[in-house]
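S.K.: I would like the atomic coordinates for the input below:
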Amino acid sequence: MIIAGETVTQIKRMVTGDEDALGNDVYAETPVEVRNVGIAPRDANGTGGNEDVQGRDTVTVGLTLLMPPGSQVSAVDRFIVRGELWEVYGQPETIINSFTGWNPGLPVAIGRVTG
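M.R.: Take a look at the predicted model:
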């Protein structure tokens, strides 16, 4: 069996119960190296990537990670992929074939905004 994919760093985040000065949750972060992750490009905002937001030209880019079966990813986790920090978009959901039970892995939508 040939294993392919790349190694990424998953930054697992958990709420500590504390809040910052603005009332936002404070997170404890634990980096975990994950091997054999498939990576595919994705249109992050449905408009081809560029938007004019409040007079600023922004670029939204996205990727889909195919994590190994059994991976646990929360909506607040972050990833370092190819040296860049990415945020999870939405709640990752496992795909399981209804007829065979085959589990190809956990698809995770990630993205980042610049500009």
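S.K.: Okay, now the unreliable bits of this protein?
M.R.: For the chain, the stretches with pLDDT under 70 are 1-3, 43-57, 115.
S.K.: In it, where's the longest strand?
M.R.: strand 25-42 (DSSP state E).
S.K.: which neighbours does it have in its sheet, and in what orientation?
M.R.: Sheet pairing of strand 25-42 (DSSP bridges) gives strand 6-19 (antiparallel), strand 56-67 (antiparallel).
S.K.: so after the shortest one, what's the next helix or strand?
M.R.: Beyond strand 56-67 in the direction of the C-terminus, DSSP states H and E gives the next helix or strand as strand 78-81.
S.K.: in the longest strand of the chain, what's buried?
M.R.: Residues Tyr27, Val34, Val37, Ile39 are the ones in strand 25-42 that count as buried (16 or more other Cβ atoms under 10 Å). All C-beta spots, glycine's among them, are computed from the backbone N, C-alpha and C.
S.K.: ok, now stretch 10-28?
M.R.: Neighbour count says stretch 10-28 has Gln10, Ile11, Lys12, Arg13, Tyr27 buried, by 16+ other Cβ under 10 Å.
S.K.: OK, contacts around the fourth one?
M.R.: Counting by Cβ atoms under 8 Å, 6 or more residues apart in numbering, Arg13 touches Tyr27, Ala28, Glu29, Thr30, Ser74, Val76, Asp77, Arg78.
S.K.: same deal with the second one?
M.R.: With contact taken as Cβ under 8 Å, 6+ apart, Ile11 is in contact with Glu29, Thr30, Pro31, Val32, Asp77, Arg78, Phe79, Ile80.
S.K.: Give me the three-state assignment for Ala4.
M.R.: coil (DSSP: H, G, I helix; E, B strand; the rest coil).
S.K.: I'd like to know how far it sits from Val73.
M.R.: From Ala4 over to Val73 the distance is 20 Å, taken as Cβ to Cβ, to the nearest Å.
S.K.: Please apply the same query to Ser98.
M.R.: Ser98 sits 22 Å away from Val73, going by Cβ to Cβ.
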